[in-house]
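Asker: structure for the following, please:
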Amino acid sequence: MVSDRISLTFKPSHRPTVLASVIVTLETDLGTITISDARVLRNKAGVLWFALPTFSLAKGREYQYFPVAELSPSLHRHVSDAALAGFVEWEKTQAPVGGAR
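Answerer: Predicted coordinates:
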């Protein structure tokens, strides 16, 4: 099963729009892949979502964002589902900070 090969570590984020920073570790037949600085966020509609890390380049007054790592659609879905489920459990163990979310 794919989820047996996905490990997640959650850390509080200091960014106001990021609920948690996530380190994703994928065990493959060829070795381990670690993706740092993935994120769990909540959109304006209140829906949780998972984002892989990106980097930005300035283009005039705007920024363009590019992925640091890309996963196949199937693997991305497995990692995202695992991260969101893991975040919900992790969040229950965290002391409340500030106002209600």
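Asker: could you list the low-confidence segments of this structure?
Answerer: Within the chain, the segments meeting pLDDT under 70 span 1-3, 96-101.
Asker: all helices of the chain, in order?
Answerer: 73-92 (DSSP state H).
Asker: hmm, what's the outermost residue in it?
Answerer: Using C-alpha atoms, centre = their mean, the residue of the chain lying farthest from its centre is residue 60. It sits 28.3 Å away.
Asker: now residue 68: phi and psi?
Answerer: Torsion angles at residue 68 (phi, psi; degrees, to the nearest 10) stand at phi -80, psi -40.
Asker: so who does the residue most central in space within the chain touch?
Answerer: Taking C-alpha atoms, centre = their mean, the centroid of the chain lies closest to residue 39, which sits 3.0 Å from it. By C-beta atoms under 8 Å, 6 or more residues apart in numbering, the contact list for residue 39 reads 13, 18-22, 50-51, 53. Just so you know, the C-beta spots here come from the backbone N, C-alpha and C atoms, and that holds for glycine as well.
Asker: out of those residues, which is most surrounded?
Answerer: Neighbour counts for those, by other C-beta atoms under 10 Å, peak at residue 22, which reaches 28 neighbours.
Asker: which strand residues bridge it?
Answerer: Taking DSSP bridges as the rule, residue 22 bridges to residue 10, residue 38.
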